[in-house]
Structures are given as C-alpha cells and as structure tokens.
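Asks: A structural model of the following input is requested.
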Amino acid sequence: MTTKKIYLHILIFFQFGFGYSQNFQPSWQFLFPSYNTAGPISANIGMVYSVWANPQNTNIVFAGSNTGGIFKTTDGGQNWAACDNGFPSVVGIDDIVGRPDNPDVIFVATGMERWWDRAWGYGIYKSSDGGAHWAPTGLSFNPTTAKSQVRIKKMAINTDNPDNMVALSKDTLYKTLDGGLSWTKKEFPTEHWGDIEFEPVVYENGIARGNSNHIYIADNGFWVSRDGGETFTDKSDLLTNPLYF
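Replies: Below is the predicted model of the structure:
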C-alpha cells in the first residue's frame, strides 16, 4: 500500500506548525517548526503560514514563516534548513506555489498581515533551482517606501498554462502572462480577499473538462471571473452562510 502524506496548518494559540498523517489516519505527527532548525534565524522562526510539497517528490516540502523566511526539507520533514539565499532580508512568507510542469520553479509571496502584527513584503520572488537561489520577479516592492508597502496574500498558477499566474494583495489583483516577468494590476472595491484559484482543467480522452479562464476569489463573499480576471461578478448571494478571512 502506498503511503500518502497530507500536510496541514495547525494553530495552537500563538504557535503555528504542521504535521502529517499516513494513510488518512486520524492521528498526526508534529513536524515543524523546531528551534533546532538550521539557519541564521533559528531562534526567531515565528509561525508557519504556508506549505508547499513537490508533487513529483513529496519528501521535498517548503514551509514559509511569518518572520523567519522560508525553509526546506528533503526527507519528508525530519530535517529542515533555511533556504533564503537571494532575499534582501529575513522576510515573512505568506504563500508558496510551484509550477506544475516544473516543480523546481517556485514562487513565494512575501509580507505578513494579521490583526496583531504587520510586515510589508518585497513582492513575489522566484527560484528556478528548487529553492537554492531566489530573485525578484517583475512584481517587486520597496517596503521602506510608504507607497510601496504591499503584502501579497495569495497566488495561483493556471495549470493549463503555467505562464499565466495571478496574485492577491489587500484590494488588488495582479496578473502575469509571461511567468512573472511583467504584471498588470486591477483594483477592486473590497479589502478582504482571502483566497484565489483557477478552475482546474482535466483532460478525458482528449476532451478538456473545466475552463482555465474561470477564476474564483473568496473574501467576505465569493467572486467569479469568466474572462481570465478582466472582470469579476459578485456571487455572494449564492452562499447560505458568510465567509470570514
């Protein structure tokens, strides 16, 4: 029987960590963070806000901290090390995504904002070598300048066209069609966007099921785009209970 691992964010008071479950069992083993984790900021790891596992090798997992940067394990979570070569300073990591066609290409969203604390980010950074080195994409900010204080909350990659990628800040949608080299932005009259996803496309007998031009956003309601993010329609009336993020 194949062993499956599921990674989960677990909030326990003010410590964020995650663990894994084997074969969908109801028991979980704590994996991270540990103050013995290697790296220059091991005593200030903070809380884990994002996790991404390499779909081609699930022993390779990245975890992003709100104050300690990004960490990587290559042995399924037994050992972790900081992999922040290329960042201008220790930053908060709010989201991690990898290209479905090449999992060595990874994007991280920098910045952190919660009701008790805030840290502006440098935009979206990219690694093309599995996290060994990082460089800014075309969506970059200088957090020391008031007009450039932006926190990227969530990202999504179009699995049908991985060069097509979207990202959310507090009230702005950013979109790239060239793998992160250049971005356009669209502001919206909402300030609480929580998550964003492309509609997945599955091919069955050569027939596409799904439409990658459809994008869904969850905030205090629910928004839908049918034109690749050019326009969105508020569909919150379809929800029976409000959403809060």
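Asks: does the residue nearest the centre of the chain have beta-bridge partners, and which?
Replies: A centroid search over the chain (Cα atoms, centre = their mean) returns residue 95, at 2.3 Å, as the residue closest to the centre. According to DSSP bridges, the residues that bridge with residue 95 are residue 109.
Asks: next one: residue 167
Replies: Residue 167 forms beta bridges with residue 155, residue 174, as assigned by DSSP bridges.
Asks: thought it was touching residue 108?
Replies: No - applying Cβ atoms under 8 Å, one finds residue 167 not in contact with residue 108, separated by 10.9 Å. C-beta coordinates here come from the backbone N, C-alpha and C atoms, glycine included.
Asks: Determine the residues that are contacts of both of the two.
Replies: With contacts defined as Cβ atoms under 8 Å, 6 or more residues apart in numbering, the residues adjacent to both residue 167 and residue 108 are residue 124.
Asks: Between the two, which has more neighbouring residues?
Replies: More neighbours surround residue 108 than the other of residue 167 and residue 108, with 31 against 26 (other Cβ atoms under 10 Å).
Asks: per-residue pLDDT, the more buried one?
Replies: In the prediction, the pLDDT value recorded for residue 108 is 96.
Asks: How about residue 148?
Replies: Residue 148 is assigned 61 on the pLDDT scale.
Asks: And for residue 17?
Replies: Residue 17 is assigned a pLDDT of 49 by the prediction.
Asks: And for residue 99?
Replies: In the predicted model, residue 99 carries a pLDDT score of 96.
Asks: cool, and the one 5 residues further on?
Replies: Per-residue pLDDT puts residue 104 at 97.
Asks: so who does it touch?
Replies: Counting by Cβ under 8 Å, 6+ apart, the residues that residue 104 touches are 98, 127, 128, 129, 130.
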